[in-house]
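In: what would the 3D arrangement of this be:
(2 chains)
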Protein chains: 2
Amino acid sequence: MAAVNLSDLKPEEFKEFLSSFDTVLTDCDGVLWIWAETISGSPQAINRLKEIGKKIFYVTNNSTKTREELFKKSQDMGFNSNKEEVVSTAYLAAKYLQDQGFKDKVYVVGSTGITQEMDMAGIKHTDIGPDPMPASLPQLISQKLDPEVKAVVVGFDEHFSYPKMLKAASYLARKDCIFVATNTDEQFPMNTDLIIPGTGSIVRAVETCGGRDAFVVGKPHSYISEFLVKTHKIDPSRTIMIGDRCNTDILLGKRCGFKTLLVLSGVSTLEEIKSWKESSDEELKKLVPDYYIGKLGDLTPLLE
Amino acid sequence: MAAVNLSDLKPEEFKEFLSSFDTVLTDCDGVLWIWAETISGSPQAINRLKEIGKKIFYVTNNSTKTREELFKKSQDMGFNSNKEEVVSTAYLAAKYLQDQGFKDKVYVVGSTGITQEMDMAGIKHTDIGPDPMPASLPQLISQKLDPEVKAVVVGFDEHFSYPKMLKAASYLARKDCIFVATNTDEQFPMNTDLIIPGTGSIVRAVETCGGRDAFVVGKPHSYISEFLVKTHKIDPSRTIMIGDRCNTDILLGKRCGFKTLLVLSGVSTLEEIKSWKESSDEELKKLVPDYYIGKLGDLTPLLE
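Out: Take a look at the predicted model:
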C-alpha cells in the first residue's frame, strides 16, 4: 500500500491512520508556509493535531534562520508552537560540532542563521557576508587563511563566491578538518518562474573542489532522526513525517522507519509519484509516500 | 602492459614505442607550463617530436583563453606551434553551438576566452564579469531575464556568484535550452598550498540547481576527439595523449583508443597509479596510463 489519498479513506480507516502515530514531524517551507506567506489552513491542522495529543516537531532544512527566529515565525502565523519543537539545520550543525567535542574555529559559508547558532553553542567562527573577487587571482591567492580553522560548515549563502570556494577547499585540505553541510536541497520552492538555487548547489561546488563529501545534518540524512530519538525520545515506528519534497522529507521517513505523508502544496507532484510507483528502480520507489493530501489544511475537517 | 616508465625502455623498445604513433595530443597546464611558468625542457621535447615528423595538437581544458592567446603563449615559451594546432575548450564550445545551427543568444558563465571565441564564431552572448548579489533576494528576483537566451555555456569564472547560478538555472528551465560546459576539472594544478577550484566546481553547482547535466566539450569527454578526427583527420589508433591528470587526459585516451603517457609534473602521482592498478574497480583501472615519465623534458635525450 503506497500513495493513498487521505481524503479517500473511510472514517474508520482514517481513525486507524490517526492512531498509528504519536509524533508528527512537519517540514516547513512548502507545507506550512512559502517564504513569508502562510499556506492557508496549515496552522489549524497542526494545532488540532497537537490538541488531540500528538507531539509536534517543526523539522526544516532551511539554514538561514535560528531556532528562535523560526519559532517566532511559526507563532506569528498562528501555530501553537514552542521553541523546543523547532529543529532546524543551522541548530543541528552546531549540535553536531558539539557532539564531536569541537574546540577550534569554523569557516562558515552561510548566513546569520548559522553564525548565531554557533554563538549560542559557544563555537568560534569566521565572519559571513560578501567576499567578492579581488582585482586578480594572484591577489586572491595572497590572502591569508585563518590558522585556527578546523571545520567548514556550508549552508545557504546568497553571497557565495569564488573566493569562498577557494577558502573552503583550502581549509578542507587540512588534516582532520570537519566538513558539515546543512542540507542538499537543489532548489527552493517558490511562486515564481525563476529557479531559486538551494543550498545543495553550493554544497556540490564545495564538495567538488574540496574533493570530499560533506556530513549532511539535514533531511534526508538520518542525523536529524538520531537527534530526535536521543534528545526527545521519539519512537520512529510511531512517527509520521509530513513534507512536500520526496527526495528529502519522504526519503528521510523511509530511511528512518517513519510513516510518510506528502502534501501537494510544494515541490513534488502527483505525476512524479505515479511515475516512481511504476518504476522498476528501487531508489525511485523509495520516494513514494505512504499517504498524500492536497494541502495540510485539508486534514482539519477529517480531524473533527 | 600498463604504466611503463619510458626511461626504463631499452633503445629498441623506445624506437618501437616512437613508431607506434603519428599524432601527439599534449595537455598544456601541468605538462608544458604551470600558469605563466614553462616547465623546463617541455618546448625542446615537443619541438623535437615535431621535427621527427609527428603531428602535434595542444589540447587544453582551460577555458579562460582564446586559441589565439594560447598560440601566442606557446610561441612566447618557445614552442614551434601554429594556431591550427591549438584546441581549447572555449573554441570547442563555440564550435559545438555552430554544429547545432545555434542562432539565438548564449548566457555565459565564464571569461573573455569564451566571449571572444563566440564573437569570432558570430554567436550572440550576454556580458561577463561581476554580477554581485543585490541588497536582498526580492531585489534579485525582480531582475529581468533576457528573452533571447537559448543556451547556457559554463566555463571558468572567478566572478561566479549566486545571481549567476539563479540566472543559469532559470534559463536552463526554458524549453530546448542548450547546456554546454567547457570542462569538469575539479582543481587547477598550482605551486601553492591553496586549493584553486576549477571549472568543475562551477559546473556541478549549475547542474545541481538546473536539474540537468551539461554537454561537456573538454577532456575526458569524447567531443574533442570527434572534432580532431573530423577536422584534422587524425587516426586514433596512431595517436598518443600526453597529460598530467588521469581523470581527464588519460581517461580521454582510454575512451578514444589513443595511447597514453602520464607526466608526473602536475596533478596525478605515481602512488595513485599504483593503487588504481591494484584496484578491482574497473573504472579506476581505466585511469592507469600506458606509459609514464617524470616530466616531458625527460623525453628529449631519448629522442636523440
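
In: so what touches stretch A:215-234?
Out: When contacts are defined by Cβ atoms under 8 Å, 6 or more residues apart in numbering or on different chains, stretch A:215-234 is touched by residues A:23, A:25, A:27, A:55, A:57, A:59, A:61, A:63, A:84, A:87, A:89, A:92-93, A:95-96, A:178-185, A:203, A:236, A:243, A:247-249, A:251-252, A:255-256, A:258. All C-beta spots, glycine's among them, are computed from the backbone N, C-alpha and C.

In: can I get the CA coordinates of it in CSV?
Out: Taking C-alpha atoms only, stretch A:215-234 is exported to CSV below (Å, rounded to 0.1, in the frame of the first residue of the first chain):
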residue,chain,number,x,y,z
PHE,A,215,28.4,15.2,6.5
VAL,A,216,24.9,16.4,6.0
VAL,A,217,22.7,17.1,9.0
GLY,A,218,19.5,17.9,7.1
LYS,A,219,16.9,15.6,5.6
PRO,A,220,17.1,13.0,4.1
HIS,A,221,20.1,12.1,6.1
SER,A,222,19.5,10.3,9.3
TYR,A,223,21.3,12.6,11.7
ILE,A,224,18.1,14.5,12.3
SER,A,225,16.3,11.3,13.3
GLU,A,226,19.1,10.2,15.6
PHE,A,227,18.9,13.7,17.3
LEU,A,228,15.2,13.4,17.8
VAL,A,229,15.4,9.9,19.2
LYS,A,230,18.3,10.8,21.5
THR,A,231,17.1,14.2,22.7
HIS,A,232,13.3,13.9,22.5
LYS,A,233,12.9,10.1,22.8
ILE,A,234,10.6,9.8,19.8
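
In: average model confidence for it?
Out: For stretch A:215-234, mean pLDDT rounds to 96.

In: give the buried residues for it.
Out: A:V216, A:V217, A:G218, A:K219, A:P220, A:H221, A:Y223, A:I224, A:S225, A:F227, A:L228, A:I234 (16 or more other Cβ atoms under 10 Å in any protein chain shown).

In: nearest residue to the most centrally placed residue in chain A other than its sequence neighbours?
Out: Closest residue to the average C-alpha location of chain A: A:N61 at 1.5 Å, with Cα atoms, centre = their mean. Leaving aside its chain neighbours, A:N61 sits nearest to A:N183 (3.7 Å; criterion: Cβ to Cβ, 6 or more residues apart in numbering or on different chains).

In: the one you found in helix, strand or coil?
Out: The three-state label given to A:N183 by DSSP: H, G, I helix; E, B strand; the rest coil is coil.

In: that one: neighbour count?
Out: If you count neighbours by other Cβ atoms under 10 Å in any protein chain shown, A:N183 ends up with 28.

In: okay, and which of the contacts of stretch A:215-234 map to strands?
Out: Among the contacts of stretch A:215-234, the members found in strands (DSSP state E) are A:T23, A:L25, A:K55, A:F57, A:V59, A:V87, A:I178, A:F179, A:V180, A:A181, A:G243.

In: among the residues you listed, which pair sits farthest apart?
Out: Farthest-apart pair in the ones in strands among the contacts of stretch A:215-234 is A:K55 and A:F179; separation 32.5 Å (Cβ to Cβ).

In: one step back: most neighbours of all the ones in strands among the contacts of stretch A:215-234, which one?
Out: A:G243 (32 neighbours).

In: touching, that one and A:I250? I think so.
Out: Yes: with contacts counted by Cβ atoms under 8 Å, A:G243 reaches A:I250, the gap being 6.1 Å.

In: hey, what's in contact with both of those two?
Out: A:T260, A:L262.

In: which elements pack onto the strand or helix carrying A:C209?
Out: For A:C209, the element it lies in under DSSP states H and E is helix A:199-210. Packing contacts for helix A:199-210, counted by 3 or more Cβ pairs under 8 Å, 6 or more residues apart in numbering or on different chains; DSSP states H and E, involve strand A:149-154, helix A:162-172, strand A:178-181, helix B:199-210.

In: ok, which of these comes nearest B:L6?
Out: helix B:199-210 (29.3 Å).

In: next structured bit after that closest one?
Out: Past helix B:199-210, the next helix or strand by DSSP H and E is strand B:215-216.

In: in its sheet, what does that next one sit against?
Out: strand B:178-181 (parallel) (DSSP bridges).
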